[in-house]
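Participant: model this:
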Amino acid sequence: MAQEALAFDMYGTLVNPVRIWQQLDRWIVQDTKRIAELWRQKQLEYTFRLVAMEQYKNFAYVTRCALDYALAATGHELTDEQKQQLMEEYNRLEVFPDVLEGLRRLQLKNHTMVVFSNGTPTMLRALMEFAGLNTYLSGFISVDEVRTYKPAPRAYQLVGQKLARPLNEIRLISSNPFDVVGALHAGMQATWLDRSGGVFDGLGTRPPMVVKTLVELADRE
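Facilitator: Next comes the predicted model:
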């Protein structure tokens, strides 16, 4: 079989969306971690609901709606300007400590490597530049092109089309169990990057390859 291409999920896999709680500290004294966690939770929930309803709103819109919910649910208010600043910070999320070294080692093995994400092209372009990911990854594939979200099969099929390769020659690397299950269902290979040490998704089968860091993945690839 040809060497696998690697498609990396962005949010929660390469960058940490929950760490945005540190930016909330500028305006909110308490509940900042809870707000950040709820923001991420509702962001994903909204994408699932849109897929189920066969509707589409882009990820920037979904992210802003989820922020509004998280603030309201915790009894906090921010101005429109403050919310916009948080949205801009979402394009400057920090990478996990293992990411750049892991990608560097994988690059030395001559894998084709891309980001595959729910994020919009504008969000991904800004984030990849800020985080220095362009040094190691050849670009990104956004579900915005097919106007649906993971784990819809059509989203994963887009990766095969863009890379001009059979799905079974492409490996998704994601920290999100639902994403891993979706990729396997669509016919891709998949690795679960277990950042939380949590339980794998009960609706799917734990994949053969599970790693704790991208450095470990590089050692196994």
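
Participant: only C-alpha atoms for contact and neighbour calcs from this point on.
Facilitator: Will do.

Participant: which residues sit against the helix or strand bottoming out on mean pLDDT in the chain?
Facilitator: Least confident helix or strand, the chain: helix 21-24 with a mean of 82, by mean pLDDT, DSSP states H and E. Residues from elsewhere that reach helix 21-24 (Cα atoms under 8 Å, 6 or more residues apart in numbering): 32-33, 35-36, 86, 89.

Participant: just how off-centre is that helix within its chain?
Facilitator: 19 Å (Cα atoms, centre = their mean, to the nearest Å).

Participant: after it, next one along is what?
Facilitator: Remark: after helix 21-24, the chain's next helix or strand is helix 32-53, criterion DSSP states H and E.

Participant: so where is this structure shaky, pLDDT-wise?
Facilitator: 1-2 (pLDDT under 70).

Participant: where do the domain boundaries of it fall?
Facilitator: If you go by automatic domain parsing, the domain ranges for the chain are 5-15+94-220, 18-92.

Participant: want to throw these into JSON lines with mean neighbour count?
Facilitator: Below are the domains of the chain laid out as JSON lines (neighbours: other Cα atoms under 10 Å):
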{"stretch": "domain 5-15+94-220", "mean neighbour count": "18"}
{"stretch": "domain 18-92", "mean neighbour count": "16"}
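
Participant: isn't residue 153 up against residue 181?
Facilitator: No: using Cα atoms under 8 Å, residue 153 is not in contact with residue 181, being 10.6 Å away.

Participant: show residues contacting stretch 28-35.
Facilitator: Counting by Cα under 8 Å, 6+ apart, 18-19, 21-22, 24-25, 70-71, 74, 76 sit against stretch 28-35.

Participant: one more time with 7 Å
Facilitator: 21, 24-25, 70-71, 74 (Cα atoms under 7 Å, 6 or more residues apart in numbering).

Participant: got it, and stretch 131-145?
Facilitator: By Cα under 7 Å, 6+ apart, stretch 131-145 touches 58, 94-95, 103-104, 107, 113-121, 128, 149, 155, 159.

Participant: 6 Å - rerun?
Facilitator: For stretch 131-145, contacts defined as Cα atoms under 6 Å, 6 or more residues apart in numbering pick out 113-118, 120, 128, 155.

Participant: go on, stretch 73-87?
Facilitator: Counting contacts by Cα under 6 Å, 6+ apart, no residue outside stretch 73-87 touches it.

Participant: recalculate using a threshold of 8 Å.
Facilitator: 23-24, 27-28, 31, 35, 63-64, 67, 71.

Participant: let me know the closest of these to residue 185.
Facilitator: Among the contacts of stretch 73-87, residue 63 lies closest to residue 185 (Cα to Cα), at 26.2 Å.

Participant: mind checking which helix or strand that closest one is in?
Facilitator: Per DSSP H and E: helix 59-73 holds residue 63.

Participant: what's the angle between that helix and helix 32-53?
Facilitator: 130 degrees (axes from the mean of the first three to the mean of the last three Cα atoms, to 10 degrees).

Participant: many thanks, I have nothing further to ask.
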